[in-house]
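Enquirer: below are the sequence and a predicted model for it; my questions follow.
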Amino acid sequence: MTQRGRPKTFDRDHALEAAMMLFWNRGFEQTSVDELATAMGIQTSSLYSSFGDKESLYLEAVDHYRRGRGRIYDTAIIEGKTAKEGFANLLKVAASEMTRHDQPRGSMLSLALPTCSPKYKKLQDEVNRLRDFSEAIWMKRLRGAVRNKELPKSTDLQVLQSFFRNTIFGMSLLARAGESRETLMEIGKLALRVWPS
């Protein structure tokens, strides 16, 4: 049986990585489809046929980041011997990763659509859903810390998680603005002092 249609002549993962880097650097609304196609090394028609519209490509790029380069944050939390050590690892990794010279500064997941036009609310909701996957790992560690008596039963875990989420978000914004790795490390150390005892 003869296959119909032309075979894809590009590496999908390579193209998605290029789209991710451009979105990460420029943001969703500031990046055009033509710029994406050029960065990905494909025709605009191939972009639409392979990835759908710009919104679909953006969501796939954010998820690609979360499962790839961004996974280091989840690993940092999981590998701590205690929950506190896990969050200490997270803050150290964040300071280091967000200031690397071989990728855009900040965390793509933190920077993904912090502000956008109202017409992209559905897109924002979907990005929040992707972000929730990582934060579920944080909450699992915090609940385990209560069971293991590392945290008092009275600890408001939702507030504690929100505090660390906003700390990471703030570090990401500072990194994007050019703040040094050393300063971010100090912010992380200071944030850890709120750990309930």
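Expert: Arrived safely.

Enquirer: any chance you could map the helices in this protein?
Expert: Counting by DSSP state H, one finds helices in the chain at the ranges 12-26, 33-40, 44-51, 54-67, 71-79, 83-97, 108-111, 121-147, 157-176, 181-192.

Enquirer: where does this protein have low pLDDT?
Expert: By pLDDT under 70, the low-scoring segments of the chain are 1-9, 114-116.

Enquirer: switch to 90 and redo it
Expert: 1-11, 27, 29, 109-134, 197 (pLDDT under 90).

Enquirer: and it, what are its domains?
Expert: If you go by automatic domain parsing, the domain ranges for the chain are 12-65, 70-192.

Enquirer: could I get the helices of the chain in a markdown table, plus columns for mean neighbour count?
Expert: C-beta: built from backbone N, CA, C; applies to glycine. Listed next are these as a markdown table, based on neighbours: other C-beta atoms under 10 Å:
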| stretch | mean neighbour count |
| --- | --- |
| helix 12-26 | 19 |
| helix 33-40 | 17 |
| helix 44-51 | 16 |
| helix 54-67 | 19 |
| helix 71-79 | 17 |
| helix 83-97 | 21 |
| helix 108-111 | 22 |
| helix 121-147 | 15 |
| helix 157-176 | 17 |
| helix 181-192 | 16 |
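
Enquirer: how far off centre is stretch 72-82?
Expert: 15 Å (C-alpha atoms, centre = their mean, to the nearest Å).

Enquirer: who touches it?
Expert: Stretch 72-82 is contacted from outside by 86-90, 92-94, 97, 107, 109, 134, 137-138, 141, 145, 148, 150, 168, using C-beta atoms under 8 Å, 6 or more residues apart in numbering.

Enquirer: same question, stretch 99-114
Expert: Residues contacting stretch 99-114 (C-beta under 8 Å, 6+ apart): 20-21, 23-25, 27-28, 62, 65-66, 69-70, 73, 94, 97-98, 120, 123-124, 127, 130-131, 134, 168-169, 172-173, 175-176, 178-181, 184.

Enquirer: residues touching residue 12, list them.
Expert: residue 50.

Enquirer: again with the one 3 residues further on
Expert: Shown here is residue 15, whose contacts under the criterion C-beta under 8 Å, 6+ apart are 40, 41, 42, 50.

Enquirer: surely the second one meets residue 18?
Expert: Yes: under the criterion of C-beta atoms under 8 Å, residue 41 lies in contact with residue 18, with a separation of 7.0 Å.

Enquirer: distance of the residue nearest to residue 163 when sequence neighbours are not counted relative to residue 22?
Expert: Excluding the flanking residues, the one nearest residue 163 by C-beta to C-beta, 6 or more residues apart in numbering is residue 194, at 6.3 Å. Remark: distance between residue 194 and residue 22 (C-beta to C-beta, to the nearest Å) = 36 Å.

Enquirer: gap between the most centrally placed residue in the chain and residue 10?
Expert: Ranked by distance to the mean C-alpha position of the chain (C-alpha atoms, centre = their mean), the top residue is residue 109 at 2.3 Å. Distance, residue 109 to residue 10, using C-beta to C-beta: 26 Å.
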